[in-house]
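Undergrad: I need the structure of the sequence given here:
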Amino acid sequence: MMPKPMNVLTTKPSPLSTMVVVLILCILGFYALHFPQSSTPSSSSQNLSQVEKLFLSTSSNSTISSYLRALTLHPHLAGTKPGSDVASYVLNHFTSLGLKTHTATYTTLLSFPVHSSLSAHFSEGPSVSLRLTEPAAAGVVPAYHAYSPSGAVQARAVFANYGRERDYRALGAMGVNVSGCVVMVRKGGEMGRGTVVERAEAHGAAAVLVYGEGDTWRKGFERGHVMRGGIGDPLTPGWAGIEGGETLGLEDSEVLKRFPKIPSMPLSAEVADSILSSLGGSPVPLEWRGTLRSKVRHVGPGPTILNFTYKGEKKVANIQNVFAVIKGSEEPDRCVLLGNHRDAWTYGAVDPSSGTAALLDIARRFSILLGLGWKPRRTIILCSWDAEEFGMIGSTEWVEQNLINLGSKAVAYLNVDCAVQGPGFFVGSTPQLDSLILEVTKKVKDPDSEGVSIYENWAAASAGSNNEMLFVTAGQIQRLSGVDSDFAPFVQHAGVPSIDMYYGRDFPVYHTAFDSYNWMAEYADPFFHRHVAVTGVWGLLALHLAGDPILPFNYVSYANELQLYKNMLNNLIDQKISLHPLTLSIEEFASAAKEADDESKKLRLQETEGFVDIKKRALNDRLMLAEKGFLDADGLQGRQWFKHLVYGPSNNNERLNFFPGISDSITGSTGVTETERLASIQHEIWRVARAIRRAASALTGELA
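TA: Next comes the predicted model:
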């Protein structure tokens, strides 16, 4: 049976102790926020430091636990009544704190299951019906792939490892043809579900079954969507699905190309093993065996025959984003956005409710600061997105609707999806935010190591070095080229500097009915200390970005990263191709970054007065706009919606996770002459070089 949610934090503060704490905070807040400060250059930083201390002092693991418990009482899939109820819960929470709230509703295309079945006819014995969802998962949607077409297939099973192109080449080398078969693929290989199904379809498969390997929670089915070719509502590609607005028809060619043509389904590891262990034919290739944990020994096809049926329906449904706004006192037209999606395939304790609980706690703690007299310099917007699980729909529709205003007003977007999955703090960002991340993590206690900060744990893992680039190359700070959370539309379509953060690299109950409050409380974060740490980092990042007179952006880090990419690219391309345009543009960008950094340091030392404030505002504008220089109006070839030429999804992310257009031209130039292939790569290099020059020009603020 599915375990019921329970609260492991049974000790709650007494009313008296709570009153004492609140009284102390009020006294501290009064002195910190109301007493006049001197007009010395350091007054702003001193004030922010006091606000930071107050913010950190109001943390409460039991409060976050109670939020998570409430959020996970029922499954809450987008487009359903429980999903709407959770939206109301978040809205009421913001309102109860006295925050200004509003919602944004969109009409979008979602996908739901109607019926599915799977039976296996083994070489000996009768046909056996196989389970297609978790046992006793009350109210949970049956396991399915959203946007999978309906279909019925009876064919031999074949194992294709991760379903990568090189896996199909390995099968072909053994004489194994997957055409007309039901292809079984294990999760992994740096490819999303949609790409896995697309590759199988290209090789003639009749259907695809995707399973996750693991030694625990082997009865879980990983739900997800298989829409491809972009993110957002497929009926409104490039514009928002507002009421009364334009929508494409279901039979429109632009819509049809977003959906696969063969049915697919998630399998549990337990069900997958029962099929894979029965396959005959050629043995599993040696290079696949090192990471295999399933019982497969041969790849097939057959002799096992699978009878697979899936019927689904696509429905137009309303989704709702919820916002709380804290107006800036000095620069209300500049905004810092904190976002988390709210919808879940099942109970969603990790994904996404751990992040939603953190967002609710951020709101609570900001409300306390507001009550003590604090006001951010810039506007802060708390964003609760809907329908992320269907392809980042809620955030994408909102970004498309607000694209022009985001271009001129958005300082940064801070995303938390699965706040806590397990041990280890991970963060991804656009590089100008690296320095801020490192500074903030010095101020937050590591929840798993006594007496040290998150930063100190990172430093220990990175050979004790304080070198910023080493933190990046060691994987402590990652980049945002994927399309796996709501940062994607902000970075890759709107060019907004962004951060994504979470605890734990992975977790075994991902998108299954076992992602419950009980699993979180027992395995991922028993005392909710990791939740507190994520909330601390998230809030401090927002306080700096919304409060520092000069934006804490360091583009020198970006220049170093671009140089690293150029060096890596040099080892991959033909010597007939010139990287000289890229070299010159990076040198120009590095010079502009150094000038901006020097100007920032100089202005921070100057006293605040009218003329200096104007100069700071002008510098901030340039720091904000530089990221948008990396956007290109034509976007990536064949995927115009993705505009960012440094960070974005590549058609072959097995090789490069940067310069997606160059990566695509290197690996995707089939059916052309060698001269045309080299010209295509060179053209993409020129496009990136021009983008880098645009970013450099934005940093300097000079017209050519």
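Undergrad: Every contact and neighbour count from this point should use C-alpha atoms.
TA: Will do.
Undergrad: Next one: the residue nearest to Gly302 when sequence neighbours are not counted from His529, what distance?
TA: Nearest residue to Gly302, sequence neighbours excluded (CA to CA, 6 or more residues apart in numbering): Arg156, at 4.8 Å. Remark: distance between Arg156 and His529 (CA to CA, to the nearest Å) = 49 Å.
Undergrad: swap in Trp686?
TA: From Trp686 over to His529 (counting by CA to CA), the distance is 48 Å.
Undergrad: go on, Ser84?
TA: For Ser84 relative to His529 (CA to CA), the value is 29 Å.
Undergrad: Over to Ala618?
TA: Taken as CA to CA, the span from Ala618 to His529 is 40 Å.
Undergrad: ok, now Tyr168?
TA: From Tyr168 to His529 the distance is 45 Å (CA to CA).
Undergrad: Repeat that for Phe323.
TA: 26 Å.
Undergrad: how about the helix or strand harbouring Ala104 as CSV, C-alpha atoms only?
TA: Assigned by DSSP states H and E, Ala104 belongs to strand 100-121. The C-alpha trace of strand 100-121 is given here as CSV (Å, rounded to 0.1, in the frame of the first residue of the first chain):
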residue,chain,number,x,y,z
LYS,A,100,0.1,41.7,-3.6
THR,A,101,-1.0,38.8,-5.7
HIS,A,102,-2.4,38.0,-9.1
THR,A,103,-2.8,35.1,-11.5
ALA,A,104,-2.3,34.5,-15.2
THR,A,105,-4.5,31.9,-17.0
TYR,A,106,-3.7,30.2,-20.3
THR,A,107,-5.7,27.8,-22.5
THR,A,108,-3.3,25.0,-23.5
LEU,A,109,-3.2,21.5,-24.9
LEU,A,110,-2.6,18.8,-22.4
SER,A,111,-2.7,15.0,-22.7
PHE,A,112,-4.2,12.3,-20.5
PRO,A,113,-4.5,8.5,-20.6
VAL,A,114,-7.8,6.7,-21.3
HIS,A,115,-6.7,3.0,-21.4
SER,A,116,-3.5,1.0,-21.7
SER,A,117,-2.5,-2.7,-21.5
LEU,A,118,0.6,-4.8,-22.0
SER,A,119,0.9,-8.5,-22.2
ALA,A,120,3.9,-10.8,-23.0
HIS,A,121,3.9,-14.1,-24.8
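Undergrad: Which helix or which strand is home to Cys418?
TA: Assigned by DSSP H and E, Cys418 belongs to strand 410-420.
Undergrad: Next up, the contacts around His644.
TA: 491-493, 495, 630-632, 635-636 (CA atoms under 8 Å, 6 or more residues apart in numbering).
Undergrad: is it in a bridge, and if so with what?
TA: His644 forms beta bridges with Leu631, as assigned by DSSP bridges.
Undergrad: Distance of it relative to Ala691?
TA: Taken as CA to CA, the span from His644 to Ala691 is 9 Å.
Undergrad: hey, what's in contact with both of these two?
TA: Among the neighbours of His644, those also in contact with Ala691 (CA under 8 Å, 6+ apart) are 630-632.
Undergrad: Domains in the chain, by residue range?
TA: Domains of the chain are assigned by the TED database as 48-109+316-546, 111-315, 555-700.
Undergrad: In three-state terms, label His531 for me.
TA: Following DSSP: H, G, I helix; E, B strand; the rest coil, the label given to His531 is helix.
Undergrad: Could you check the pLDDT of Gly671?
TA: For Gly671, the pLDDT comes out at 75.
Undergrad: Which helix or strand contains it?
TA: Applying DSSP H and E as the criterion places Gly671 outside every helix and strand.
Undergrad: so how far is Asp664 from it?
TA: 14 Å.
Undergrad: Quick check on the residue nearest to the spatial centre of the chain: phi, psi?
TA: Centroid-nearest residue in the chain, with CA atoms, centre = their mean: Ser485, separated by 2.5 Å. When quoted as degrees, to the nearest 10, the phi and psi of Ser485 stand at phi -170, psi -180.
Undergrad: residues in contact with Gly394?
TA: By CA under 8 Å, 6+ apart, the contact set of Gly394 is 106, 232, 319-321, 385-388.
Undergrad: Tell me the one among these nearest to Arg258.
TA: Gly232 (10.7 Å; CA to CA).
Undergrad: Let me know whether the closest one touches Glu397 as I believe.
TA: Yes. Gly232 is within contact range of Glu397, at 6.3 Å (criterion: CA atoms under 8 Å).
Undergrad: can you list residues touching both of these two?
TA: By CA under 8 Å, 6+ apart, no residue touches both Gly232 and Glu397.
Undergrad: Show me the helices in the stretch 151-300 of the chain, by range?
TA: 165-173, 193-202, 253-256, 269-276, 286-289 (DSSP state H, counting those that start in this stretch).
Undergrad: angle of the first one against helix 193-202?
TA: Relative orientation of helix 165-173 and helix 193-202, computed by axes from the mean of the first three to the mean of the last three CA atoms, to 10 degrees: 30 degrees.
Undergrad: Can you point out the buried residues in helix 165-173?
TA: Judged by neighbour count using 16 or more other CA atoms under 10 Å, the buried positions of helix 165-173 are 167-168, 170-171.
Undergrad: Would you format the residues you listed as CSV with distance to Asp351 and pLDDT included?
TA: Output for the buried residues of helix 165-173, formatted as CSV (distance: CA to CA, whole Å; pLDDT from 0 to 100):
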residue, distance to Asp351, pLDDT
Asp167, 30, 96
Tyr168, 32, 97
Ala170, 35, 97
Leu171, 35, 97
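Undergrad: So which residues of the stretch 1-150 of the chain form helices?
TA: Under DSSP H, counting those that start in this stretch, the stretch 1-150 of the chain gives helices at 15-34, 43-57, 61-71, 81-96.
Undergrad: Could you tell me the angle between the third one and helix 81-96?
TA: So the one you mean is helix 61-71. 140 degrees.
Undergrad: Helix 61-71: which residues count as buried?
TA: By 16+ other CA under 10 Å, the buried positions in helix 61-71 come out as 61-65, 67-69, 71.
Undergrad: for stretch 212-219, same thing?
TA: Buried, per 16+ other CA under 10 Å, within stretch 212-219: 212-213, 218-219.
Undergrad: which one of the residues you listed is nearest Asp548?
TA: Using CA to CA, the buried residues of stretch 212-219 come closest to Asp548 at Gly212, 44.9 Å.
Undergrad: how close does the closest residue to the closest one other than its chain neighbours sit to Trp239?
TA: Distance criterion CA to CA, 6+ apart; nearest residue to Gly212, sequence neighbours excluded, is Lys187 at 5.1 Å. Noted for Lys187: a distance of 32 Å to Trp239, by CA to CA.
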